[in-house]
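>>> quick one: sequence plus predicted model below, questions after.
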Amino acid sequence: MSDTPKDPRRRHSAPVVDGPGKAASRAMLRAVGFTDEDFRKPQVGIASTWSNLTPCNSHIDELARHASDGADAAGGKGVIFNTITISDGIANGTEGMKYSLVSREVIADSIETVAGCEGFDGLVAIGGCDKNMPGCLMGLARLNRPSVFVYGGTILPGKGHTDIVSVFEAMGAHSRGDIDLIELKQIEETAIPGPGSCGGMYTANTMASAIEALGMSLPGSSAQNAVSRDKRQDCEAAGAAVLELLERDLKPSDIMTREAFENAITVVIALGGSTNAVLHLIGMARTIGVALTLEDFTRIGRRVPVVADLRPSGHYMMSELVAIGGIQPLMKTLLDAGLLHGDCLTVTGRTLAENLASVAPYPDDQRIIAALDAPIKAESHLRILHGNLAPEGAVAKITGKEGTRFSGTARVFGSEEEAQARINDGTVVAGDVIVIRYEGPRGGPGMREMLTPTSAIMGRGLGSEVALITDGRFSGGSHGFVVGHVTPEAFDGGPLALVEDGDRITIDAEADTIDVDLPDEELMRRRAAWRQPAPRYTRGVLAKYARLVSSASTGAVTDAESSP
C-alpha cells in the first residue's frame, strides 16, 4: 500500500496503517475484515459494554453493531471492542460490591488503553449500567477525540409496576414478616422482564440524562426503551455523528465545559436524580480539566426545583417518561426559564438551544413532570452538608417526604454487613442514626452503595423513623433519610471514625448541616486514641485502588494530575 495524501480526520489511524512500513499492521487487520478501501477511512472505535451478566447490558452487542453500521454508512470504518461491566443489582450487600465504583476506573482505563493503542480517530461508547456510563465518559475525556456516548436504554416495568428496588424492599418486608416466601418469589420472578437499565430515576437513568444534558449524547438518547427501534436508530446515528465531528474536529473538551456541567447538574436536580451523580459528575469534570466542586451543587440547587415524580421517591418509571417525550421537553422548559446555558455545543455540532428549538411541550394531561411554578420541591433534593461530622462535605438525598431534619442516637457499625444484620434482627429501632463507617473509597475499599440496608429499612417500615449516614454511598434506588459520601472518610481519620454508640447526631437539610453533639475537647480526646485500621486488601485491584483513589468530595478518581 502506497502512501496516501494526509487526511486530517485520520491523524490517529494513519500512523498505524499508512505506508510500506505498516504492512504488518495491515496484514493483521485484513484478517478481521479490512479491505484496501477501509485503510483509507477514518477508524471509529465502538466501545461496547456488552455482557450477559446483567439485563442492563445484555443487548448492547446488537447496539454496538448498529453503531458500527452507522459509522460505515457515513464513510468511516467501525471497529468494535469490549470493556467490562459489573452488576450492582447482583453484588449489592456482598463483598463483591467493593468492585463496583472501582469498575468505573477500570472501564475508563480500558477504553483509553485500546483506543490509544489501536489509533482510533473517533469513538462511540455504549453504556447501560451506572458505573460504565461515567467510566465511558472519563475514557472519552482522557482521549479527547471526536466521540459520542449512547445510553443502552431503560428496562420496562415488571408485573404490578415493579422493578429491582421492589425486590430489595420485598426482602425487607419478608424479614419483617409482612410477606411470605411465595410472595417474595413472585416479585423476584416478574420484576425484571428483560433487557435494559433499572427503571426508575436511579443512577443509570440519572447519568444518561446528565450526559445528554452535558451534550455528549444525541438528543433523545437518554429516554428510549432498551429494546426499541428508536434505540437502534440512536446507535446508527451516533456512529454517523462521529464522522461529522471528525470533519469539524469537535472534541469532548469543546463540549464538556463548565457551563455544560452546570446544565447536567440542573437536569439531574429537576429529575430528582441519584446522589451518585455528584460523585460521577465531579469525577468526569476533573478528567476533562473542569473545576467542579460540591459547592456548585448547592449553588445551582438553590434556584432549580425538583419537578419529576419518578421513582424511587416518586411514582413513575423512566419508560413512562419516555412515552410522553423523555427529557427534551423538560430541558426546553428549563432553557426558556433561563436555567440552562443554551449556547453550549453538543455532539450534533449545534448548540443546546438549537437542538431544543423545535421540541414540543409535554401532553397537557401528563402527571409525571410538574410545572416549574408548582414543583414537587422548590429547591434541590441533593443537599451538600457540612459540620463537625463532615468538614469536607457529605451528600444527602432529601426529597422532603422524609422530613428535613432528623436528630437521634448513634448506632455504630464498622461495615455494611454488621448494619444489615442488626436491621434485620430488630436491633435497629426508631430514633436511631445508623452509622456505617470504613466503607469509603479507601477504607472499604471501593465505597459500596447501601441499597440493601436502605431497602431493609424501608421494608421494615422504618423509612421515616431512622436515619443512615455513611462514608460509603447510595444506590439511585435508595430513599429515606440517608447521608453518604461523608468526608474525610473514617479510614483517613475523619470524624465519623470517632462516633460512639449513643452519641447524639443531628442532620438538618435546611441549614445543610450534619453534627455530632460533642465538644471539641471530647473529639480531640477520641482522636488521640484512634488508630487507623489495617487495610482490608494488600494485593490486587482493590489494594491498588485504595492507594490511588482521591476523596469522594473530589470525585474518587484514580488519575488525579501528578505533582511535578
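Received it, and whenever you're ready, just let me know what you need. Residues are numbered from 1 along each chain as shown.

>>> ranges for the helices of the stretch 51-200 of the chain?
With DSSP state H, counting those that start in this stretch, the ranges of helices along the stretch 51-200 of the chain come out as 60-73, 88-91, 100-118, 132-143, 164-176, 181-190.

>>> how far does the longest one sit from the chain's center?
If I follow you right, that is helix 100-118. Centre-to-centre, helix 100-118 and its host chain are 16 Å apart (CA atoms, centre = their mean, to the nearest Å).

>>> swap in the shortest one?
Centroid separation for helix 88-91 versus its chain: 15 Å, with CA atoms, centre = their mean.

>>> got the CA coordinates for it in PDB?
Coordinates of each C-alpha in helix 88-91 appear next as PDB, following Å, rounded to 0.1, in the frame of the first residue of the first chain:
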ATOM      1  CA  ASP A  88     -24.700  -3.500  41.300                       C
ATOM      2  CA  GLY A  89     -28.000  -5.200  41.500                       C
ATOM      3  CA  ILE A  90     -26.400  -8.600  41.800                       C
ATOM      4  CA  ALA A  91     -23.500  -7.600  44.000                       C
END
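
>>> counting by contacts, list what it packs against.
Using 3 or more CB pairs under 8 Å, 6 or more residues apart in numbering; DSSP states H and E, no helix or strand is in contact with helix 88-91. Every C-beta, even on glycine, is put in place using the N, C-alpha and C of the backbone.

>>> quick one: buried residues of it?
88-89, 91 (16 or more other CB atoms under 10 Å).

>>> residues in contact with it?
Here helix 88-91 makes contact (CB atoms under 8 Å, 6 or more residues apart in numbering) with 53-54, 56, 96-97, 99-100, 129-131, 164, 198, 449, 451, 475.

>>> nearest to R367 among the residues you listed?
Nearest to R367 among these is C198, at 21.7 Å by CB to CB.

>>> what is the neighbour count of the closest residue in space to that closest one that isn't next to it in sequence?
Take C198 and drop its neighbours on the chain: the residue closest to it by CB to CB, 6 or more residues apart in numbering is I164, 5.0 Å away. I164: 26 surrounding residues under other CB atoms under 10 Å.

>>> same check on D249?
For D249, the neighbour count with other CB under 10 Å is 12.

>>> on that earlier part again, what is the nearest of the contacts of helix 88-91 to D234?
Checking the contacts of helix 88-91 against D234 with CB to CB, the nearest one is C56 at 16.3 Å.

>>> tell me who's in contact with the closest one.
For C56, the residues meeting the contact criterion (CB under 8 Å, 6+ apart) are 85, 87, 89, 128-129, 152, 155, 195-198, 204.

>>> what's the answer for G21, then?
Applying CB under 8 Å, 6+ apart to G21 gives no contacts.

>>> how much space separates G135 from G45?
Distance, G135 to G45, using CB to CB, to the nearest Å: 15 Å.

>>> actually Q233, sorry about that
21 Å.

>>> quick one: which of the two has more around it?
G45 (29 against 15).

>>> so that one sits right up against E118, yeah?
Yes - judged on CB atoms under 8 Å, G45 makes contact with E118 at a distance of 6.9 Å.

>>> overlap in contacts of those two?
Contact with both G45 and E118 is made by residues 79, 81, according to CB under 8 Å, 6+ apart.

>>> still on that earlier bit, pick the most buried one from the helices of the stretch 51-200 of the chain.
Of all these, helix 132-143 carries the top mean neighbour count, a mean of 28, counting by mean count of other CB atoms under 10 Å.

>>> the inter-axis angle of it versus helix 60-73?
40 degrees (axes from the mean of the first three to the mean of the last three CA atoms, to 10 degrees).

>>> okay, the closest residue to K377 other than its chain neighbours and G272: tell me how far apart.
Of all residues not flanking K377 in the chain, V306 sits nearest, at 4.0 Å (CB to CB, 6+ apart). Between V306 and G272 the computed distance is 5 Å (CB to CB).

>>> between those two, what contacts are shared?
Shared contacts of V306 and G272, defined by CB under 8 Å, 6+ apart, comprise 376-377, 381, 399.

>>> list the contacts of stretch 318-326.
With contact meaning CB under 8 Å, 6+ apart, stretch 318-326 is reached by 154-157, 199-201, 205, 220, 222-225, 308, 310, 327, 359-360, 362-363, 366, 368-369.

>>> need the max-distance pair from the shared contacts of V306 and G272.
Farthest-apart pair in the shared contacts of V306 and G272 is I376 and H381; separation 8.7 Å (CB to CB).

>>> what about the two, which has more around it?
Between I376 and H381, H381 has the larger neighbour count (other CB under 10 Å), namely 24 against 20.

>>> right, and that one touches K401 too?
No - when contacts are counted by CB under 8 Å, H381 is not listed as touching K401 (9.7 Å).

>>> overlap in contacts, the two.
In contact with both H381 and K401: S313, using CB under 8 Å, 6+ apart.

>>> phi, psi of E416?
phi -60, psi -40 (degrees, to the nearest 10).

>>> got the contact list for it?
Residues in contact with E416 (CB under 8 Å, 6+ apart) are 93, 97, 436, 439, 448, 450, 452-453, 472.

>>> which of those lies closest to L246?
Among the contacts of E416, M97 lies closest to L246 (CB to CB), at 39.2 Å.

>>> what about the closest one, neighbour count?
26.

>>> could you check how far it is from T513?
From M97 to T513 the distance is 29 Å (CB to CB).

>>> G480 too?
19 Å.

>>> more neighbours, the two?
More crowded of G480 and T513, by other CB under 10 Å: G480, with 24 against 18.

>>> I figured that one hits E465, correct?
No - G480 is not in contact with E465 according to CB under 8 Å; the separation is 9.4 Å.

>>> F261 reaches L281, doesn't it?
Yes - look at F261 against L281 with CB under 8 Å: they come within range, at 6.1 Å.

>>> which residues do these two both contact?
Common neighbours of F261 and L281, counting by CB under 8 Å, 6+ apart, are L292.

>>> ends of stretch 9-26, what's the gap?
Chord length of stretch 9-26, first to last residue, is 19 Å (CA to CA, to the nearest Å).

>>> same question for stretch 286-295.
With CA to CA applied, stretch 286-295 spans 15 Å between its terminal residues.

>>> hey, where'd the helices end up in the stretch 401-550 of the chain?
Remark: helices assigned in the stretch 401-550 of the chain by DSSP H, counting those that start in this stretch are 416-424, 451-459, 520-529, 540-548.

>>> buried deepest among those helices, which one?
Mean neighbours per residue, mean count of other CB under 10 Å, is largest over the helices of the stretch 401-550 of the chain for helix 451-459, with a mean of 27.

>>> stretch 341-357: which residues count as buried?
Of all the residues in stretch 341-357, those buried under the rule 16+ other CB under 10 Å are 341-342, 344-348, 351-353, 355-356.

>>> format the CA atom coordinates belonging to it as PDB.
This file holds the C-alpha atoms of stretch 341-357, laid out as PDB (Å, rounded to 0.1, in the frame of the first residue of the first chain):
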ATOM      1  CA  HIS A 341     -26.900  27.600  29.200                       C
ATOM      2  CA  GLY A 342     -28.300  27.400  25.600                       C
ATOM      3  CA  ASP A 343     -25.000  28.300  23.900                       C
ATOM      4  CA  CYS A 344     -23.200  25.100  24.900                       C
ATOM      5  CA  LEU A 345     -22.000  23.000  21.900                       C
ATOM      6  CA  THR A 346     -23.200  19.400  21.600                       C
ATOM      7  CA  VAL A 347     -22.300  16.300  19.600                       C
ATOM      8  CA  THR A 348     -24.800  17.300  17.000                       C
ATOM      9  CA  GLY A 349     -22.500  20.200  16.100                       C
ATOM     10  CA  ARG A 350     -25.200  22.500  17.100                       C
ATOM     11  CA  THR A 351     -25.800  24.300  20.400                       C
ATOM     12  CA  LEU A 352     -28.200  23.100  23.100                       C
ATOM     13  CA  ALA A 353     -30.600  25.900  22.200                       C
ATOM     14  CA  GLU A 354     -30.600  24.900  18.600                       C
ATOM     15  CA  ASN A 355     -31.300  21.300  19.400                       C
ATOM     16  CA  LEU A 356     -34.200  22.200  21.600                       C
ATOM     17  CA  ALA A 357     -35.700  24.900  19.300                       C
END
